[in-house]
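**Q** Take a look and give me a structure for this.
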Amino acid sequence: MSTEPKPQAETAEERVWRRVQLARHPNRPHSLDYIQRLIRDFRELHGDRAFGDDPAVVAGMGFFEDRPVMIVAQQKGRTTKQKLHRNFGMPKPEGYRKARRIMKLAEKFSIPVIALLDTPGAYPGIDAEERGQAEAIALNLREMARLQVPLVCVVIGEGGSGGALALGVGNRVYMMENAIYSVISPESCAAIIWRDAGMAQKAAVALRLTADNLLKLGLIDEIIPEPPGGAQTDHDRAAAHLRDVLIKALGELDGVAPGRIVEQRYEKFRKMGNFFRE
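**A** All right, here's what the predicted structure looks like:
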C-alpha cells in the first residue's frame, strides 16, 4: 500500500490566482506576437494628430485571411527596455486618441476593426491627467458604441479597468482562456477594501475576473482555448486558436448593414448587468 501523500485539490482561490499569474506571465504572447502571426502586410500608423505617439497602443492596417482589417492593440513589452518604451502597456490619452483616429479611418473605408486588449489599466500619471485621460477614454467609449463597421474585441492577457474597456466596446467580445478582465486589479481592490494588498487572492475571487465567470455573467461571447499550461508555452498554437475565432466572428458580421451593426452593439451592452430585482 502506497504511503505517498495524495496531492491536495486546488482551492477556488488558488485556481483563480493561478489564472491571474498566467494572464501576467512574462512570456505570454502580446499583441505584436499575434499580429506577426495573423496579420499580413501590417503597416503601423502613429500619432493622435494632437500631441504625439503612444507606444503602449499599436494601431495600423493589414490583411487577415486576405481581407483588409484595422488593428488597435495594447502592447506591454517583454524586455526591460521594451517595457519602459511601452510604458508597461498603460496607455496615455494620446494612445486612446490614436486608436480612435484609426477606428474612424476604418469606418471611412468600411473596414472591420480588431481590438486586442492587454493592459493593467490606463496610465494614472499627472501628465496623462493634464492631457485629458478621462475624456480620451470616454470619447473612445462613445465612438466605439456608434462605429458603423464590425468591431471584434479580444482580451488576450490582462484587461484592467477603464483602460481596457476603452478598446472593448465591440460586436463580439472574446477572452483567451487564461486572461482576466475586471474593473480593478486584485491588489488595488484588496488595498481599498481590506487596506492590505496581500489579500489580493481573496479579492480576485470576489471580482469574478476569469473568463469562465465572465461568460456565465454574459459579459463575453466566447472563451478562446489556450495550449496546455497556458498561451506562453506555444505562441503559434495560441495564435491558431485566435485565428479560428476571428474567422468565425468576421464571417458572422460580414454583410450586416452599418445601422444594424450599431444596433447590435447597443443591444449587447444594454443587456449587461442587473439593476432591478422584483
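**Q** Please count neighbours and contacts with C-alpha atoms only from this point.
**A** Noted.
**Q** wait, doesn't residue 43 sit right on residue 60?
**A** Yes: counting by Cα atoms under 8 Å, residue 60 is a contact partner of residue 43 at 5.5 Å.
**Q** Give me the most central residue, this protein.
**A** residue 117 (2.0 Å; Cα atoms, centre = their mean).
**Q** and it, that's in a strand?
**A** Yes: per DSSP: H, G, I helix; E, B strand; the rest coil, residue 117 lies within a strand segment.
**Q** For the residue nearest to it when sequence neighbours are not counted, what are phi and psi?
**A** Distance criterion Cα to Cα, 6 or more residues apart in numbering; nearest residue to residue 117, sequence neighbours excluded, is residue 155 at 4.6 Å. Per-residue torsions, residue 155: phi -90, psi 110 (degrees, to the nearest 10).
**Q** So in terms of bridging, what pairs with residue 155?
**A** residue 117, residue 175 (DSSP bridges).
**Q** now do the one 5 residues further on
**A** Beta bridges link residue 160 to residue 182, judged by DSSP bridges.
**Q** tally of neighbours for it?
**A** As a burial measure, residue 160 scores 24 neighbours (other Cα atoms under 10 Å).
**Q** distance of it from residue 81?
**A** Remark: distance between residue 160 and residue 81 (Cα to Cα, to the nearest Å) = 22 Å.
**Q** So residue 43 and residue 60 - more neighbours on which side?
**A** residue 60 (20 against 14).
**Q** Surely the more buried one is in a helix?
**A** No: Residue 60 is assigned strand when assessed by three-state DSSP, not a helix.
**Q** and it, what does it touch?
**A** Contacts were defined as Cα atoms under 8 Å, 6 or more residues apart in numbering; by that measure residue 60 touches 42-45, 70-72, 102.
**Q** Are any of these buried, and if so which?
**A** When the contacts of residue 60 are checked for burial by 16 or more other Cα atoms under 10 Å, the buried set is 42, 45, 70-72, 102.
**Q** between the residues you listed, which is closest to residue 122?
**A** Relative to residue 122, the closest of the buried ones among the contacts of residue 60 is residue 72; by Cα to Cα it sits at 15.0 Å.
**Q** Give me the three-state assignment for that closest one.
**A** Applying three-state DSSP: residue 72 is strand.
**Q** ok, it touching residue 106?
**A** No: if you go by Cα under 8 Å, residue 72 and residue 106 don't touch, sitting 10.7 Å apart.
**Q** Need the overlap of contacts for the two.
**A** By Cα under 8 Å, 6+ apart, the residues touching both residue 72 and residue 106 are residue 113.
**Q** Need the CA coordinates for the host helix or strand of residue 104. CSV is fine.
**A** If you go by DSSP states H and E, residue 104 is part of helix 93-108. Extracted in CSV, the C-alpha atoms of helix 93-108 (Å, rounded to 0.1, in the frame of the first residue of the first chain):
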residue,chain,number,x,y,z
PRO,A,93,-4.5,59.9,-23.7
GLU,A,94,-2.7,60.1,-27.0
GLY,A,95,-2.8,56.3,-27.2
TYR,A,96,-6.6,56.3,-26.9
ARG,A,97,-6.9,59.2,-29.4
LYS,A,98,-4.7,57.3,-31.8
ALA,A,99,-6.9,54.3,-31.5
ARG,A,100,-10.0,56.4,-32.1
ARG,A,101,-8.4,58.0,-35.2
ILE,A,102,-7.6,54.6,-36.6
MET,A,103,-11.2,53.3,-35.9
LYS,A,104,-12.7,56.3,-37.6
LEU,A,105,-10.4,55.7,-40.6
ALA,A,106,-11.7,52.1,-40.7
GLU,A,107,-15.3,53.4,-40.7
LYS,A,108,-14.4,55.8,-43.6
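**Q** What lies in contact with the helix or strand hosting residue 238?
**A** Using DSSP H and E, residue 238 sits in helix 235-253. Here helix 235-253 makes contact (Cα under 8 Å, 6+ apart) with 28-29, 33-34, 37-38, 65, 112, 150, 152, 172, 224-227, 231, 261.
**Q** Many thanks, have a good one.
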